[in-house]
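Engineer: sequence and computational prediction follow.
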Amino acid sequence: MAKAVPLRGVQPALLKWARESVHLSVDEVAGRLNRAVEEVDAWESGAESPSYAQLEKLAYDLYKRPLAIFFLPAPPAEPKPEAEFRALPLADLRRLKRDTILLIRRARAYQESLVELFNGQSPVDEPIWKQVSLDARKSITEQADAIRAALRVPAPGAHEWGASDGDEALKRWRKAVESSGVFVFKDSFKQREISGFCLDHDQFPIIMINNGTTKTRQIFSLMHELSHILLGWRAISTFDGNSVNMLPDREKRIEVFCNKIAAEILVPSADFSEQLERVPVNIELAGPELFASLAERYRVSREVILRRFRDANRVSQEFYEERKRDWDGQRIQRASSGGSFYLTKGAYLSEKLMNEVFSRYGRRQITIDEAADFIGVKPKQVEELESRFLRGLAA
């Protein structure tokens, strides 16, 4: 077998930068390439260079970068999660896994696509951030009411919410948020403790939520991230309450505030107070049916109802934490096997983004290659995805 020929011109600093940008160690890269750690170290020190085939694997398989980037004189400017996200402790940000980093990068790419598609101007005349400005020092109830009004969602318990499994409710909340000017994407996060994240922007804010959880949990994540956007505060959120407790005081107050806003949007105090009049005095002795029925009414998780009981001093902190631990193990939504790529992609992408891309492609204002770039698929997949999207709108 011929020996691999080292590729001249590859910049060692770019190799190290690309590896660190996706939070991979030298050992992890060596293991994925089935190479010696010393060999990868030598590439990054400049003592040796990878072959063309090795660089292709590094660029396309591991780091998800264009090949040409490794020949630049210096790494391009790019924000780091540690610098732009403040809703997780620094140690947790540094432990973000490669797949989460790539999802953040994909969200940034979607944001750039939106800027280009809409010529830098939000397609919504009066976006929600111009109607509602959040302030952690002001009334939770009044601010949550303002958000509900801006989103124009039905009252709790109204028949418009549809099926009780949360699927129709999630679709309605998502559509309401997108109609307000915020673009919503989904993906199945491999780092399962991450519930979602958001990228603020003066015209094209983005929310990405974890599709690997229950629909009701996704709804809460959506409202939590929306609260962050209305504060102008980029965030990566987790299911772990201990992470919040480890934050500096200011960031901790913001996270607690966003949780309270999300809970108040989904379970308005006035309506919940009416429901409280019909529940047993000692809620801790009530059966699971109580939590299930209220969760169904508001299309939220049982944990949200439990938190509302705790905030109303109807259950103890110990009871809250015990039940939450029990339910946390059930929050992961089992993905069905053999799913369609097109159905999954259609569910993950922002409807408003797809509508604009396919409208322009249908009018031949953009090419099939450009359409593919905007929505992050291969050119050969564009027309089938377009067909399914248009059929869905007509249904």
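Structural biologist: Alright, I've got the coordinates.
Engineer: show the pLDDT at residue 165.
Structural biologist: Per-residue pLDDT puts residue 165 at 65.
Engineer: can you start the count at 19 instead of 1 from here on
Structural biologist: All right, first residue 19 from here; so that's residue 183.
Engineer: ok, now how distant is the spatially most central residue of the chain from residue 241?
Structural biologist: Taking C-alpha atoms, centre = their mean as the criterion, residue 226 is the residue nearest the geometric centre of the chain, at 2.3 Å. Using C-beta to C-beta, to the nearest Å, residue 226 is found at 14 Å from residue 241. From N, CA and C alone the C-beta is placed, and that goes for glycine too.
Engineer: which parts of the stretch 69-218 of the chain are strands?
Structural biologist: Here the stretch 69-218 of the chain has its strands, by DSSP state E, counting those that start in this stretch, at 201-205, 212-217.
Engineer: lowest-confidence stretch among those strands?
Structural biologist: strand 212-217 (a mean of 92).
Engineer: could you say what helices and strands the helix or strand just after it packs with?
Structural biologist: Remark: after strand 212-217, the chain's next helix or strand is strand 224-228, criterion DSSP states H and E. If you count contacts as 3 or more C-beta pairs under 8 Å, 6 or more residues apart in numbering; DSSP states H and E, strand 224-228 packs onto helix 116-135, strand 201-205, strand 212-217, helix 233-249.
Engineer: who does the first one touch, helix- and strand-wise?
Structural biologist: Using 3+ C-beta pairs under 8 Å, 6+ apart as the contact criterion, the neighbours of helix 116-135 among helices and strands are strand 201-205, strand 212-217, strand 224-228, helix 369-380, helix 386-393.
Engineer: need these in JSON lines with distance to residue 140, can you?
Structural biologist: Output for the helices and strands packed on helix 116-135, formatted as JSON lines (distance: least, C-beta to C-beta, whole Å):
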{"stretch": "strand 201-205", "distance to residue 140": "10"}
{"stretch": "strand 212-217", "distance to residue 140": "14"}
{"stretch": "strand 224-228", "distance to residue 140": "12"}
{"stretch": "helix 369-380", "distance to residue 140": "10"}
{"stretch": "helix 386-393", "distance to residue 140": "17"}
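Engineer: closest to residue 269 out of the ones you listed?
Structural biologist: Closest approach to residue 269 among the helices and strands packed on helix 116-135 is made by strand 212-217 (14.7 Å; C-beta to C-beta).
Engineer: quick one, that closest one and helix 116-135 angle?
Structural biologist: Angle of strand 212-217 versus helix 116-135, following axes from the mean of the first three to the mean of the last three C-alpha atoms, to 10 degrees, is 30 degrees.
Engineer: I figured the residue nearest to the centre of the chain was touching residue 200, is that so?
Structural biologist: No - counting by C-beta atoms under 8 Å, residue 226 sits too far from residue 200 to count as a contact (11.3 Å).
Engineer: residue 342 and residue 324, how far apart?
Structural biologist: As judged by C-beta to C-beta, residue 342 and residue 324 stand 7 Å apart.
Engineer: so for these two, which sits in the more crowded spot?
Structural biologist: When residue 342 and residue 324 are compared for neighbours, residue 324 comes out ahead with 22 against 16, by other C-beta atoms under 10 Å.
Engineer: got a list of what that one touches?
Structural biologist: Residues in contact with residue 324 (C-beta atoms under 8 Å, 6 or more residues apart in numbering) are 309, 333, 338, 341-342, 345.
Engineer: ok, 7 Å please
Structural biologist: Counting by C-beta atoms under 7 Å, 6 or more residues apart in numbering, residue 324 touches 309, 333, 338, 341-342.
Engineer: could you do residue 42 as well?
Structural biologist: So residue 42 contacts 80, 116 (C-beta under 7 Å, 6+ apart).
Engineer: for it, which three-state class applies?
Structural biologist: Three-state call for residue 42 (DSSP: H, G, I helix; E, B strand; the rest coil): coil.
Engineer: so where's the stretch 169-318 of the chain shaky on pLDDT?
Structural biologist: 180-183, 259 (pLDDT under 70).
Engineer: what's residue 232 sitting at in phi/psi?
Structural biologist: Residue 232 adopts backbone torsions of phi -60, psi 160, taken as degrees, to the nearest 10.
Engineer: what's the neighbour count on residue 374?
Structural biologist: Neighbour count of residue 374, defined by other C-beta under 10 Å: 19.
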